[in-house]
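Visitor: sequence first, predicted model second:
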Amino acid sequence: MFQVPKEEIANRLVAFQAALVQHRIDAAVIRQNTDLYYLTGTVQDAHLIVPASGSPCFLVRRDVRRAEEQSPIRPVVPLTSIKELPDHLDRACGSRPPRTLGMELDVLPASTFFFYDEKVFPKDRIVDVGTLLRQVRMIKSDWEIEMMRRAAVISDAVARAVPEFLREGVSELELCIELEAVARKAGHLGFSRVRTFNLEIYFGHILSGPEAATSSYADSPTGGPGVSPALGQGSGTRVIGRGDLVSVDTMVNHHGYLNDQTRNFALEAPPAELADAHRLSLELHAWLREAARPGAVTGELYREALEWAASRPLSQYFMGSEDASRVSFLAHGLGLEVDEFPFIARGQKTMLREGMTFAFEPKYIIPGIGIAGIENTYRVTARGLESLNLSGEQLVVVQTGPASGRSGATGGQRSAARPPGE
């Protein structure tokens, strides 16, 4: 059975407790699934009490047996009533109120907060520790980096499978289904966690042709039409044809840890503007790999990258085609959640440190033509950025036979892939 190593959990708790001491918070009560997994190694209907000093207490409503099997935290205590929480908190802290108590106020629903504040801990001052814990999580251990490398193996399997299923006559949705099956068989858990309210993440944006430039309701450079207004993003029913550039943007999950990757494919030669956009995206990645070293400030990197793009062709299409649809970031932190720290974005003041990880996605959205650009998940090292992705970055041109009219899973001529110019 897969388990997060005991040493990982211990080190995380020590780092979090040091942050609690620094901010004069007596204890934290953790409820959110991602944070529970990070600090305990399991996801349960539970409350984790972490005192600023001393041993944590893991209070589980269900399932205690699984919690004991999956987590090294002891004790694991059955919680039969929320009314028991204050007594457990007092014992963990070794003190009595008044007390400053931390909870994840960035994600806790307002009604739930009021319940804890008024009914459960009425004598405590509740402050936010969600942002504090995200800062602790921002620096990845060697073990976490290894988990993210294994997620990248899944992304590579998906990219390698594209030429097998990409052919004239297949729809975006059919291609997405085939690639998601490849990802699941390779170990993708089938979902990705995200912290931002009302932000929902699907397996991938498999987008082609002019409709790929359809903007998203979310703060992301690409969107796509989707198949329903219930989720207005992602692959649609558009049939892929010759000359289309296909953007394969996928998010995969290996034991909770994510890899974000975008690669570009085309059926025959794509429009010249998109081939140029792909090349520009590669050049900007090369620039960032040198510029994003420890000590660099994320907001300054964003400004410099915009200046880089503005001095080159197609700048009017960089990260959006209109002012209203342009996004104000170029990279988002990545780990257990899609939107971790740091962000390379307007106004950000975070200084890069070794062990940070983020996904960098410079893309060009050209109305009436399509989209192009690659995305890598990077690790910050002393020497600059290291890409955790394994897939080749070239624009792959797929030569196809006559349209089969059938799904790539069931028939049709296999495709041969080659880089442009070969």
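Guide: Okay, I see it. Numbers count the residues shown, from 1 in each chain.

Visitor: all contacts plus neighbour counts: C-alpha atoms, from now on.
Guide: Fine.

Visitor: give me the low-pLDDT residue ranges for the chain?
Guide: Across the chain, the ranges flagged by pLDDT under 70 are 97-98, 323-324, 400-422.

Visitor: nearest the middle, which residue of it would you pick?
Guide: In the chain, the residue lying closest to the centroid (CA atoms, centre = their mean) is V338, at 2.2 Å.

Visitor: which strand residues bridge the nearest residue to P78 once chain neighbours are set aside?
Guide: Nearest residue to P78, sequence neighbours excluded (CA to CA, 6 or more residues apart in numbering): V60, at 5.1 Å. Here V60 shows beta-bridge partners A46, P78, assigned using DSSP bridges.

Visitor: F360 now?
Guide: F360 forms beta bridges with A331, N376, as assigned by DSSP bridges.

Visitor: what residues are up against V153?
Guide: Contacts for V153 (CA atoms under 8 Å, 6 or more residues apart in numbering) come out as 389-390.

Visitor: surely it is in a strand?
Guide: No - under DSSP: H, G, I helix; E, B strand; the rest coil, V153 falls outside any strand and is assigned helix.

Visitor: tell me the domain ranges of this structure?
Guide: Listed by automatic domain parsing, the domain ranges of the chain are 6-137, 142-418.

Visitor: so of the ones you listed, which one's packed in deepest?
Guide: Using mean count of other CA atoms under 10 Å, the stretch among the domains of the chain with the largest mean neighbour count is domain 142-418, at a mean of 20.

Visitor: how far off centre is it?
Guide: Distance, stretch centre to chain centre, for domain 142-418: 11 Å (CA atoms, centre = their mean, to the nearest Å).

Visitor: right, and the helix or strand after the helix or strand hosting V158?
Guide: According to DSSP states H and E, V158 maps onto helix 142-165. Per DSSP H and E, the first helix or strand lying C-terminal to helix 142-165 is helix 172-185.

Visitor: the following helix or strand past that following helix: partners in the sheet, and parallel or antiparallel?
Guide: For helix 172-185, the following helix or strand on the C-terminal side (DSSP H and E) is strand 204-208. Strand 204-208 pairs in its sheet with strand 245-254 (antiparallel), by DSSP bridges.

Visitor: quick one: list the elements packing against the very next helix or strand once past the partner strand.
Guide: Remark: after strand 245-254, the chain's next helix or strand is strand 257-267, criterion DSSP H and E. Applying 3 or more CA pairs under 8 Å, 6 or more residues apart in numbering; DSSP states H and E, we find strand 257-267 packed against helix 142-165, strand 245-254, strand 376-381, strand 396-399.

Visitor: could you dump those to CSV with distance to K123?
Guide: Formatted as CSV, these follow (distance: least, CA to CA, whole Å):
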stretch, distance to K123
helix 142-165, 38
strand 245-254, 41
strand 376-381, 43
strand 396-399, 62
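
Visitor: to G190, which of those lies closest?
Guide: strand 245-254 (7.0 Å; CA to CA).

Visitor: that closest one to helix 142-165, inter-axis angle?
Guide: 140 degrees (axes from the mean of the first three to the mean of the last three CA atoms, to 10 degrees).

Visitor: pull the CA atoms of strand 245-254 into CSV?
Guide: Backbone C-alpha positions of strand 245-254 (Å, rounded to 0.1, in the frame of the first residue of the first chain) are rendered in CSV as follows:
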residue,chain,number,x,y,z
LEU,A,245,-2.9,22.8,-34.8
VAL,A,246,-4.0,20.7,-31.8
SER,A,247,-3.0,22.0,-28.3
VAL,A,248,-2.8,19.1,-25.8
ASP,A,249,-2.8,20.7,-22.3
THR,A,250,-3.1,18.1,-19.6
MET,A,251,-3.1,18.0,-15.8
VAL,A,252,-2.3,14.6,-14.2
ASN,A,253,-2.2,13.4,-10.6
HIS,A,254,0.2,10.9,-9.1
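
Visitor: show me where the protein has helices.
Guide: 6-22, 33-40, 64-70, 85-93, 110-115, 130-137, 142-165, 172-185, 272-291, 298-310 (DSSP state H).

Visitor: may I have the longest one exported as CSV, CA atoms only?
Guide: This points to helix 142-165. The C-alpha trace of helix 142-165 is given here as CSV (Å, rounded to 0.1, in the frame of the first residue of the first chain):
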residue,chain,number,x,y,z
ASP,A,142,13.1,15.7,-2.5
TRP,A,143,10.4,13.1,-2.0
GLU,A,144,7.7,15.5,-3.3
ILE,A,145,9.8,16.3,-6.3
GLU,A,146,10.1,12.6,-7.0
MET,A,147,6.3,12.3,-6.9
MET,A,148,6.0,15.1,-9.3
ARG,A,149,8.6,13.5,-11.6
ARG,A,150,6.4,10.4,-11.6
ALA,A,151,3.4,12.5,-12.6
ALA,A,152,5.5,13.8,-15.5
VAL,A,153,6.0,10.2,-16.6
ILE,A,154,2.2,10.0,-17.0
SER,A,155,2.1,13.3,-18.9
ASP,A,156,4.8,11.9,-21.2
ALA,A,157,2.8,8.7,-21.9
VAL,A,158,-0.1,11.0,-22.9
ALA,A,159,2.0,13.0,-25.3
ARG,A,160,3.5,9.9,-26.9
ALA,A,161,0.0,8.5,-27.5
VAL,A,162,-1.3,11.6,-29.3
PRO,A,163,0.0,10.5,-32.8
GLU,A,164,-1.7,7.1,-32.4
PHE,A,165,-5.2,8.7,-32.0
